[in-house]
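> one predicted model, sequence on top.
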Amino acid sequence: MKGAYMKRLAKNILLTLIVPVSVTAIMLTACQIKGVPFWAPGSGFRAFIYSMMLAVFSAFALSLHMFAGRFDFSLGSVAILSAVIGGKIALAAGTNMFGMLIIFLIVGAVLGTISGLLYLLLNLPPMITSLGVALAYEGLSFAFSEGRGIQIALHPELLGGAALTPMFLILAISLIIMYALMNFTRFGFNYRAIQYGQKIAVDTGLNEKSNALVCYAICGSLVAIVGFLRLSYNGALQPQLNLSTSGTIFSAMLPLFIAALMVKVCESNIALVIGCFTATIITQGLSSIGLSAQTRSLISAFLMMFLLMYSINGQKWRDYFVNRKAKAAVQVAVA
């Protein structure tokens with residue numbers, strides 16, 4: 001029994017690592033052929049981890065909504081407004097970077113809760129509500145900062161949150177919390193029930209509205225970490241208008257599609273991190289060999305389209321090749 005479990009575990013680990021290892025090998029080979037380093041000497045590795053962290057927390061927030069049947073365009077605007085409000089509070093309170101992170105988490109949760117309340121009160125499709133919230137939050141971030149954004153570059157006690165050690169620490173703690181939240185809490189049980197059968201879950205007495213509200217609050221805190229990292233890394237953050245914050249959402253789509261390939265053989269939170277790592281490897285590799293941002297976006301779009309096609313038709317493709325191989329074997333045997 002134990003041997004069978006270990007064998008299955010080893011197989012799942014191998015299947016999980018196939019995609020990131022293969023992609024990494026391809027990108028390193030491409031850089032070797034072009035004669036360029038994979039990342040720039042010095043701070044290149046930190047920039048890579050920073051990009052991956054932005055993708056991780058954006059993808060965590062987006063996935064919580066998407067897998068419950070909602071699509072939230074306001075996540076990027078929550079990140080910006082959390083940075084503006086949280087940064088101002090941190091400056092006024094004279095706290096350090098850890099205190100600033102806690103402030104960001106609280107502000108993000110409040111903003112996410114407000115977005116969730118509007119979704120529940122207005123009773124409109126979440127996509128429509130989130131577009132209005134995104135425009136409102138973008139306007140508020142511009143108004144609260146008087147168009148100047150937030151600056152902490154001259155306050156060293158608030159900087160350092162995007163250094164390697166704090167980023168890895170934030171990632172590890174977040175993974176533990178998300179794993180516990182989704183697997184050992186009432187929220188997680190109810191969330192999975194809604195995910196796999198919303199009507200049945202509601203008919204059996206589950207309160208879908210309260211679960212959705214908690215989900216909005218959690219997602220607000222998750223994207224507030226994105227705002228914290230961006231502000232810590234750059235020392236400043238400018239407000240954005242005209243739904244330009246929605247780019248945060250679309251940058252998290254490719255990691256989600258990659259994670260969907262591994263979720264059957266890997267825990268969902270770990271699969272999401274590996275998906276973000278793989279997507280960041282692709283982006284970094286394409287950038288290192290000199291492809292323009294437009295070309296990288298085009299390649300990412302084609303990858304997402306292929307992964308979507310595979311997720312829908314993958315079993316049919318596998319059955320087709322299995323049947324074709326079986327027919328070929330029969331023909332050879334007859335001959």
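Thanks, I have it.
> toward the C-terminus, what is the element adjacent to the helix or strand harbouring Ala10?
Per DSSP states H and E: Ala10 is located in helix 2-34. Stepping forward along the backbone from helix 2-34, the first helix or strand reached (DSSP H and E) is helix 44-66.
> which positions in that following helix come out as buried?
Within helix 44-66, the residues that qualify as buried are 48-66, counting by 16 or more other CB atoms under 10 Å. Every C-beta, even on glycine, is put in place using the N, C-alpha and C of the backbone.
> what separation is there between Phe168 and Met52?
11 Å (CB to CB, to the nearest Å).
> now swap in Ala224 and tell me
Between Ala224 and Met52 the distance is 18 Å, computed by CB to CB.
> kindly report the same for Met178.
The gap separating Met178 from Met52 is 16 Å, by CB to CB.
> gap between stretch 68-83 and the chain center?
Relative to the chain's own centre, stretch 68-83 is displaced by 12 Å; criterion: CA atoms, centre = their mean, to the nearest Å.
> in it, what's buried?
Neighbour counts over stretch 68-83 (16+ other CB under 10 Å) mark 68, 70, 72-83 as buried.
> same check on stretch 149-160?
149-152, 155, 158-159.
> which one of those sits closest to Gly99?
Proximity to Gly99 was ranked across these by CB to CB; first place goes to Leu158, at 8.8 Å.
> got the contact list for that closest one?
The contact partners of Leu158, by CB atoms under 8 Å, 6 or more residues apart in numbering, come to 87, 90-91, 95-97, 100, 152, 232.
> cool, and Ile80?
Contacts of Ile80 were listed using CB under 8 Å, 6+ apart, and they are 137-138, 141, 227, 237, 239-240, 245.
> quick one, helices of the stretch 101-250 of the chain?
If DSSP state H, counting those that start in this stretch is used as the criterion, the helices of the stretch 101-250 of the chain fall at 126-144, 164-184, 186-196, 198-203, 208-234, 247-250.
> point out the most buried one among the ones you listed.
Comparing the helices of the stretch 101-250 of the chain by mean neighbour count (mean count of other CB atoms under 10 Å), helix 208-234 comes out on top with a mean of 23.
> average pLDDT for that one, rounded please.
Here the mean pLDDT over helix 208-234 is 91, rounded to a whole number.
> what angle separates it from helix 126-144?
Put simply, helix 208-234 runs at 40 degrees to helix 126-144, going by axes from the mean of the first three to the mean of the last three CA atoms, to 10 degrees.
> now helix 208-234 against helix 164-184, angle please.
Comparing the axes of helix 208-234 and helix 164-184 via the same axes, to 10 degrees yields an angle of 170 degrees.
> residue contacts, the residue lying closest to Gly108 once chain neighbours are set aside?
The spatially closest residue to Gly108, leaving aside those adjacent along the chain, is Ala224, at 2.6 Å (CB to CB, 6 or more residues apart in numbering). If a contact means CB under 8 Å, 6+ apart, then Ala224 has 78-79, 82-83, 86, 104-105, 107-109, 111 as its contacts.
> columns distance to Lys316 and pLDDT on top of those residues, output as a markdown table?
What follows is the contacts of Ala224, written out as a markdown table (distance: CB to CB, whole Å; pLDDT from 0 to 100):
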| residue | distance to Lys316 | pLDDT |
| --- | --- | --- |
| Val78 | 39 | 93 |
| Ala79 | 39 | 92 |
| Ser82 | 44 | 94 |
| Ala83 | 45 | 93 |
| Gly86 | 48 | 93 |
| Phe104 | 45 | 95 |
| Leu105 | 44 | 95 |
| Val107 | 47 | 96 |
| Gly108 | 42 | 95 |
| Ala109 | 43 | 95 |
| Leu111 | 43 | 95 |
